[in-house]
Structure formats: C-alpha cells, structure tokens
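>>> Structure, please.
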Amino acid sequence: MGVDWETRPGYVAESVTAADLEPLRDLPLEHLTANSASDLAPLSGHRTLRSLSLTRGAAPADLTPLRTVAHLHGLSLTDADPAETASCTRSARGRLGR
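Residues are numbered from 1 along each chain as shown. Modelled structure (predicted):
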C-alpha cells in the first residue's frame with residue numbers, strides 16, 4: 001500500500017520554499033526527498049542516509065555537504081528544474097571530486 005504524501009504533516013505540494021533539514025541530522029533515515037533550495041549542510045556526515053532526491057526549488061542546491069555522507073549511493077536530480085540541475089552539477093563537479 002502506497003503512502004498518500006499529501007495527507008502527511010509537513011507536506012506542501014509544489015512547494016518551492018526551503019525546508020529546515022536540521023531536525024533530520026540525528027534521525028536514522030535512509031532515503032530523503034528535499035527541495036533544492038534547502039540547505040544541505042545539516043546532512044553533512046549523516047550516518048545512515050543512502051539516497052537523496054532533490055525537487056524543484058527557488059535556488060540551486062549546494063552539493064558540497066554531501067561529500068561527507070559515507071553511505072550516500074544515490075542522488076536524483078530528475079525532479080529538479082533543468083536550469084538548477086545544470087547549475088548544481090556544474091558548480092559541484094570540482095568540489096565533489098568527480
């Protein structure tokens with residue numbers, strides 16, 4: 001049975017505002033979908049995060065904090081705005097060492 005995300009607390013359909021990821025720092029989550037305008041710094045060094053999906057936001061994401069997420073094996077930019085995706089990948093290419 002699927003989850004109806006629109007009925008979940010904190011869900012805002014088509015939101016372009018940034019989310020506060022600080023409360024997630026110590027939670028044992030493995031998969032996360034966040035708005036690309038969100039500050040990803042609180043995820044730096046996260047112990048259990050395995051995949052992150054970025055959605056459309058008001059600003060491009062800074063992917064630098066993800067360098068220290070040891071178990072991160074998946075990063076999806078498919079739901080992000082194409083201009084934001086190009087900006088994210090271009091600016092992070094050198095910083096992520098890829």
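>>> only C-alpha atoms for contact and neighbour calcs from this point on.
Noted.
>>> Quick check: which ranges of this structure have low pLDDT?
Within the chain, the segments meeting pLDDT under 70 span 1-17, 81-98.
>>> ok, now with 50
Across the chain, residues meeting the criterion (pLDDT under 50) sit at 1, 10-15, 92, 94-98.
>>> which residues in it form strands?
Per DSSP state E, the chain carries strands over the ranges 31-35, 51-55, 74-79.
>>> how close does residue 48 get to residue 57?
Applying CA to CA, to the nearest Å, the value for residue 48 to residue 57 is 25 Å.
>>> Between those two, tell me which one has more neighbours.
Counting neighbours by other CA atoms under 10 Å for residue 48 and for residue 57 shows that residue 57 has the greater number, 22 against 17.
>>> Verify the stated contact: that one with residue 39.
No: when contacts are counted by CA atoms under 8 Å, residue 57 is not listed as touching residue 39 (11.2 Å).
>>> Find residues that contact each of those two.
Common neighbours of residue 57 and residue 39 are listed as residue 18 (criterion: CA atoms under 8 Å, 6 or more residues apart in numbering).
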